[in-house]
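Student: Structure for this input, please:
(chains A and B)
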Amino acid sequence: MRPQAIHHAILLTDGKDESERREDFQAALAACEGRFQCDCRGVGTNWTVSELRAVATTLLGTVDIIAQPADMAADFRAMIDAAMSKAVNQVALRLWTPQAATVKFVKQVSPTIEDLTAKATPVNPLTADYPTGAWGQESRDYHLCISVQPAAVGNEMLAGRVSLVVDTEVVSQALVKAVWTDDAALSTRINNAVAHYTGQAELAQVIQEGLEARKAGDETAATAKLGRAVQLAAASGNEATTSLLAKVVEVDDAATGKVRLRRAVDDADEMALDTRSTKTTRVKP
Amino acid sequence: MATVACPNGHESTTTDYCDQCGARLDGAPVAPAGPPGPPGSGASAEATPTGPGGPEPTAGGRCPSCQSPRAGDELFCEVCGYDFAAGTLPSAPVVVPASPAPPASAVSGFGVSGSAVSGSAVSGSAAASGVVGDLPAWQVVVSADRAYYDRNEADDIAFPVNCPERRFTLNAAEVLVGRRSESRGIRPQLDLTGAPEDTGISHAQAILRRSADGSYVVIDPGSTNGVVHNDDDDPLAANVATPLADGDRLYIGAWTKLVFHAP
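Tutor: So this is what the prediction gives:
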């Protein structure tokens, strides 16, 4: 393999893991991790969303449904266009944190939600790299949570130094500062972007839990979770998700999250909602 | 490589903030008075509460204990339950023996009764002793109430399948009812965390305060979902004391009922 080349694979499937044992599947996936990126597409409705999502998440790719086989050509073109636009490979998000600090999580939150926390590779005792795959001309948003040691009011410290690293070269850097204050108006205020993406992460979670509950026959939980999802999607202006949700639930009042489960739901609509649940909207400026 | 000495004694290769402990160095630009750092630091940024005997209550502005803003003429701090009038935190100044077990005589008659209550459901201070000084103690029985739940239409909270009664003894002059929150430093004496947990209950839901005759009044310190007394249609107004008689009921959260029993 050419080390500088961008290694990219496309997985098309219309089925699911049938004969392999679950551990073998996991082992095969782990062996591929970090070697190439993989975009996954499920064709039709006889595949399993969670399975394909696991592949895409591990191999830093996207996952989506192609409900009609006729749409495969167009989707394939779009995927290749996206892949060809990538200019640099193996970009890492490098995070330095001070002594005695704990990294609670590192998440990509735009364009999709990807939890990177478990993917940390230590660089030195205070620094870790998180893989982000290949980049083109694009911008992505990340949400970090770092817990630091208490300090006196008025103190300021650096809680994190975030860099984008391409081939050991730092191409961009941002500082995360912690400032101690006794002004409750400051300490209780939540940054707009943090609030927005926290909401988008909850949206993805309640959709997945709601669909899970629906499958398990727990209608009360499904109605509550999907109602909350409708509320969050409407409040954040996530129109794509709002229209996908409307195919699974009847929306009585989006503002309060009052919904009823639809009796007859097309499998493809439900799977599209599930696979696209992690797509986020950009925070409004 | 040239290094810079940091105030904590580290040799840093970075000149803005120490590359060991993150302390600000002379080369750093002055921080703008903007929002505080990441959410993780928010918790650390909270001031440490001081116990009773701490600073005197300041007029209007803030809770002297946890520094939260005080809305109008609140009687109690909404965050930590600090009593602005008395200048005390709602921690139980109770005679809980530190020794392995409370004296048997203190428990008899008033303590936790029967097997309806599992050990974990009752917090130590509430169950440890049934008598306070010479006063016999009031009892509170907590259970799940279907009729109240149905009336609430709390769709997002399920009615518990199995909810054994929990029994608490009121043995302090002031008892906070709520759900424990370590991050916000709220530790109610009548703590309703633990399965089945009614998440409709605020961390600081209600304050029970003993009157001179030994009975209790209830005060809603401004909880999210309110406190309903007996068959009232509306919840109690915030920060207003309502006396409780033997057999009175309070409804909180989505399905929780508290019944008060005089000694």
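Student: List the neighbours of the host helix or strand of residue A:260 that are in contact with it.
Tutor: Element membership of residue A:260 [criterion: DSSP states H and E] is strand A:258-261. By CB atoms under 8 Å, 6 or more residues apart in numbering or on different chains, the residues outside strand A:258-261 that reach it are A:214, A:219, A:222-223, A:226-227, A:230, A:248-252, B:155. Bear in mind the C-beta positions are built from the backbone N, C-alpha and C, glycine included.
Student: Pull the distance from that strand to the chain's centre.
Tutor: Averaging C-alpha positions (CA atoms, centre = their mean, to the nearest Å) puts strand A:258-261 26 Å from its chain's average.
Student: Same question for it: list its buried residues.
Tutor: A:258-259, A:261 (16 or more other CB atoms under 10 Å in any protein chain shown).
Student: Strands of the stretch 1-150 of chain A, residue ranges please.
Tutor: A:8-13, A:37-43, A:63-66, A:92-96, A:102-110, A:114-115, A:121-124, A:127-131, A:141-147 (DSSP state E, counting those that start in this stretch).
Student: Can you lay out those as JSON lines showing mean neighbour count and mean pLDDT?
Tutor: Converted to JSON lines, the strands of the stretch 1-150 of chain A look like this (neighbours: other CB atoms under 10 Å in any protein chain shown; pLDDT from 0 to 100):
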{"stretch": "strand A:8-13", "mean neighbour count": "16", "mean pLDDT": "94"}
{"stretch": "strand A:37-43", "mean neighbour count": "23", "mean pLDDT": "94"}
{"stretch": "strand A:63-66", "mean neighbour count": "22", "mean pLDDT": "94"}
{"stretch": "strand A:92-96", "mean neighbour count": "21", "mean pLDDT": "95"}
{"stretch": "strand A:102-110", "mean neighbour count": "18", "mean pLDDT": "94"}
{"stretch": "strand A:114-115", "mean neighbour count": "17", "mean pLDDT": "93"}
{"stretch": "strand A:121-124", "mean neighbour count": "10", "mean pLDDT": "93"}
{"stretch": "strand A:127-131", "mean neighbour count": "19", "mean pLDDT": "95"}
{"stretch": "strand A:141-147", "mean neighbour count": "20", "mean pLDDT": "94"}
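Student: Select, out of these, the one closest to chain B.
Tutor: Among the strands of the stretch 1-150 of chain A, strand A:141-147 comes nearest to chain B, with 4.3 Å by CB to the nearest CB.
Student: Can you check what angle separates that closest one from strand A:92-96?
Tutor: 30 degrees (axes from the mean of the first three to the mean of the last three CA atoms, to 10 degrees).
Student: List of residues touching strand A:141-147?
Tutor: So strand A:141-147 is contacted by A:93, A:95, A:97, A:101-110, A:159-160, A:162, A:176, A:193-194, A:197-198, A:201, A:282-283, B:38-41, B:43-44 (CB under 8 Å, 6+ apart).
Student: cutoff 7 Å now
Tutor: A:93, A:95, A:97, A:101-110, A:159-160, A:176, A:194, A:197, B:38-40, B:44 (CB atoms under 7 Å, 6 or more residues apart in numbering or on different chains).
Student: separation between the nearest residue to residue B:235 once chain neighbours are set aside and residue B:260?
Tutor: Nearest non-adjacent residue to residue B:235, counting by CB to CB, 6 or more residues apart in numbering or on different chains: residue B:226, 2.9 Å away. In this view, residue B:226 and residue B:260 are 18 Å apart by CB to CB, to the nearest Å.
Student: What residues does the stretch 101-250 of chain A have near chain B?
Tutor: A:104, A:144-148, A:150, A:153, A:156-159, A:176-182, A:184, A:186-187, A:189, A:191, A:194, A:220, A:223-224, A:228 (CB under 7 Å from any CB of the partner chain).
Student: Buried ones from these, can you make that a PyMOL selection?
Tutor: Selection of the buried residues among those in PyMOL, burial being defined by 16+ other CB under 10 Å:
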select buried, chain A and resi 144+145+146+147+148+156+157+158+159+176+177+178+179+180+181+184+186+187+191+194+223+224+228
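Student: Counting only helices, which of the residues of the stretch 101-250 of chain A next to chain B make the cut?
Tutor: A:184, A:186-187, A:194, A:220, A:223-224, A:228 (DSSP state H).
Student: now for the residues you listed, which pair is the farthest apart?
Tutor: Across those, the longest distance by CB to CB is 40.3 Å; it joins A:186 and A:220.
Student: Can you give the distance from the helix or strand hosting residue A:210 to the centre of its chain?
Tutor: Element membership of residue A:210 [criterion: DSSP H and E] is helix A:192-215. Relative to its chain's centre, helix A:192-215 lies at 11 Å (CA atoms, centre = their mean).
Student: Equivalent analysis for stretch A:166-175, please.
Tutor: Centre to centre, stretch against its chain (CA atoms, centre = their mean), the figure for stretch A:166-175 is 22 Å.
Student: List of residues touching it?
Tutor: So stretch A:166-175 is contacted by A:88, A:91, A:158, A:161-164 (CB under 7 Å, 6+ apart).
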